[in-house]
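Asker: model this:
(one chain, ligands or ions: 2)
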Amino acid sequence: MSDLVIKNLHVAIEGKEILKGLNLTIEQGKVHAIMGPNGTGKSTLAYTLMGHPNYEVTEGEVWFKGQNILELEPDERAHLGLFLAFQYPVAIPGVTVANFLRMAINARRKAQNPEDRGIPIPEFRRLLKEKMKTLQMDPSFAGRYLNDGFSGGEKKRAEILQMATLEPEIAILDETDSGLDIDALRIVSEGVNALRGPNLGVLVITHYQRILNYINPDYVHVMMDGRIVESGGPELALHLEEHGYNWLREKNGAPATA
Ligand SMILES: Nc1ncnc2c1ncn2[C@@H]1O[C@H](COP(=O)(O)OP(=O)(O)OP(=O)(O)O)[C@@H](O)[C@H]1O
Ligand SMILES: [Mg+2]
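Answerer: Residues are numbered from 1 along each chain as shown. Ligands and ions are numbered 1, 2, ... in the order given. A predicted model of the protein is given here:
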């Protein structure tokens, strides 16, 4: 089993502690959701897991496949099977979606086997076509420059397409639902659901219960002030939608906000 095990994670940005002892295990085959107020460190967690250099780990470990991944470079983490969909994806003008995906697949293959000559083009075309069909994406999308002039919803679909073609074992989706219209939300969620299975563990970071109606999570966690303060099943997300976060602030001894 390739679980992702986060132990007592402390992370600082520019000397300010943001994550303050976070513990979480994402099992392969399970879907975990993290909710929580703005600025509590959800994206910080996602970036730290992928190895963004601005995020300084001051304490703690993250285990995946027998390694403390905090000691690995971002590309090594990706080659191990970690995938992160960003809250704000960057544009890569001059590189088409198809080329980007082929390079990403080839880089991973090469990391696993230095002798690998890359995915044969016909096989890649077939794979891309099949995945785009699942996500109900127009085939012309593959020929566009990655994220260049993409609408918010198109960016999110492009991210899920990356996830579908790379077939990671742990995927972290940071607000993949933000800015999606209702149809796009459903399609993206169906895309995630289509990839669900015993070989994929997912962490969905979201503000809204709505996406969780489509991607029915096994566990829901609430993050506040750099820690997980509450965990439960899907009913926890419904409770938050109705009651907000103040009851949790009070429970944890923090002042309630308006
Ligand atoms: N590069 C940075 N420099 C300085 N402060 C940062 C930086 N990145 C994040 N922070 C601060 O870290 C805290 C946590 O930010 P983070 O983006 O992880 O929150 P979040 O839970 O994802 O919020 P949201 O729900 O709004 O996406 C915030 O106070 C933010 O201002
Ligand atoms: Mg965020």
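Asker: how far is stretch 217-230 from where the chain is centred?
Answerer: 15 Å (Cα atoms, centre = their mean, to the nearest Å).
Asker: repeat for stretch 114-130
Answerer: Relative to its parent chain, stretch 114-130 has a centroid offset of 24 Å by Cα atoms, centre = their mean.
Asker: List the buried residues for it?
Answerer: 119, 124, 127, 128 (16 or more other Cβ atoms under 10 Å). Using the backbone N, CA and C atoms, a C-beta is placed for each residue, glycine as well.
Asker: All the helices of the stretch 101-250 of the chain, residue numbers only.
Answerer: 121-134, 152-166, 182-195, 210-214, 234-243, 246-251 (DSSP state H, counting those that start in this stretch).
Asker: follow-up on the earlier one: out of the buried residues of stretch 114-130, who's nearest ligand 2?
Answerer: If you rank these by distance to ligand 2 using Cβ to the ion, residue 128 comes first, at 29.5 Å.
Asker: Surely that closest one and residue 165 touch.
Answerer: Yes - counting by Cβ atoms under 8 Å, residue 128 does reach residue 165; the two are 6.6 Å apart.
Asker: what's the overlap in contacts for these two?
Answerer: Listed as contacting both residue 128 and residue 165 by Cβ atoms under 8 Å, 6 or more residues apart in numbering are residue 101.
Asker: circling back: out of the helices of the stretch 101-250 of the chain, name the one with the poorest average pLDDT.
Answerer: Lowest mean pLDDT within those: helix 182-195, at a mean of 83.
Asker: what's in contact with it?
Answerer: So helix 182-195 is contacted by 134-136, 153, 156-157, 160-161, 163-164, 167, 171, 173, 176-177, 180, 202, 204, 210-211, 214-215 (Cβ under 8 Å, 6+ apart).
Asker: Of the residues you listed, keep whichever come out buried.
Answerer: 134-135, 153, 156-157, 160-161, 163-164, 167, 171, 173, 176-177, 180, 202, 204, 211, 215.
Asker: Helix, strand, or coil at whatever residue of the stretch 1-150 of the chain ends up closest to ligand 2?
Answerer: Among the residues of the stretch 1-150 of the chain, residue 43 lies nearest to ligand 2; the distance is 3.1 Å by Cβ to the ion. At residue 43 the chain is in helix, as set by DSSP: H, G, I helix; E, B strand; the rest coil.
Asker: try residue 93
Answerer: Residue 93 falls in the strand class when you classify it by three-state DSSP.
Asker: so how far is ligand 2 from residue 191?
Answerer: 21 Å (Cβ to the ion, to the nearest Å).
Asker: Equivalent analysis for residue 173, please.
Answerer: The gap separating residue 173 from ligand 2 is 11 Å, by Cβ to the ion.
Asker: contacting residues around the residue nearest to residue 159 when sequence neighbours are not counted?
Answerer: Excluding the flanking residues, the one nearest residue 159 by Cβ to Cβ, 6 or more residues apart in numbering is residue 85, at 4.0 Å. The contact partners of residue 85, taken as Cβ under 8 Å, 6+ apart, are 156, 159, 160, 162, 163, 171, 172, 173, 174, 176.
Asker: where does this structure come near ligand 1, residue by residue?
Answerer: With the criterion set to Cβ under 6 Å from any ligand atom, the chain comes near ligand 1 through 13, 14, 18, 36, 38, 39, 40, 41, 42, 43, 44, 54.
Asker: Which among the residues you listed count as buried?
Answerer: By neighbour count, with 16+ other Cβ under 10 Å, the residues of the chain next to ligand 1 hold 13, 18, 36, 40, 41, 42, 43, 44 as buried.
Asker: Need the pLDDT of residue 227.
Answerer: Per-residue pLDDT puts residue 227 at 96.
Asker: so it touches residue 18, yeah?
Answerer: No - using Cβ under 8 Å, residue 227 makes no contact with residue 18, being 10.7 Å away.
Asker: Spatially nearest residue to residue 102 (excluding sequence neighbours)?
Answerer: residue 124 (5.4 Å).
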